[in-house]
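Engineer: no FASTA, just this:
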């Protein structure tokens, strides 16, 4: 009986909310490769006696960067990336689904507001990545290059799709409904 009620709930859901839930699920699918696929390759070279020598060529995913930073003793930076680039996006993505499935309008509004608050914090990682790229571009020379990898694009797509899903979401007015 509960399954039949839930199926009825999804049938009566607005087309806009159906699109929002599809985008929310899509964002979760985009998040995983965004975290584990290579996000950034940094290559440093040096010109010596007319020959170019490679000093460093490192490719990291977001998860790989956290692991590498932790192993090198940079736990504070690793923790920041872990919280803002991994945990907050995972929690945000996981909370989008209950907004669509909770029966109580008041509960949906509470979860919606929680996701709104979390979304503000998850933008900190976008700022951090932007600053890193700006720093590399500002210091860019002939012997230093940074190239975004597929993980960067998956993560950027996750951010855009997740935000679009959240923006499309329509909630009932909690004052107009007396269910709690």
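Structural biologist: Received, thanks. Given the structure is predicted, the values throughout are model-derived calculations rather than measurements.
Engineer: Would you mind giving the secondary structure of residue 52?
Structural biologist: With DSSP: H, G, I helix; E, B strand; the rest coil as the basis, residue 52 sits in strand.
Engineer: Ok, residue 145 next?
Structural biologist: Residue 145 - assigned by three-state DSSP - is strand.
Engineer: Check residue 153 too.
Structural biologist: helix.
Engineer: To which secondary structure element is the nearest residue to it once chain neighbours are set aside assigned?
Structural biologist: Nearest non-adjacent residue to residue 153, counting by C-beta to C-beta, 6 or more residues apart in numbering: residue 34, 8.0 Å away. Where C-beta positions appear, they are placed from N, C-alpha and C, glycine not excepted. Using DSSP states H and E, residue 34 sits within helix 15-36.
Engineer: quick one: contacts of the following helix or strand past that helix?
Structural biologist: Going down the chain from helix 15-36, the next helix or strand is strand 40-48, by DSSP H and E. Strand 40-48 has contacts (C-beta atoms under 8 Å, 6 or more residues apart in numbering) with 52-60, 65, 132, 136, 142-149, 151-152.
Engineer: Give me the pLDDT value at the nearest residue to residue 93 once chain neighbours are set aside.
Structural biologist: Closest residue in space to residue 93, ignoring its immediate chain neighbours: residue 28 at 4.6 Å, by C-beta to C-beta, 6+ apart. You'll see residue 28 listed with a pLDDT of 87.
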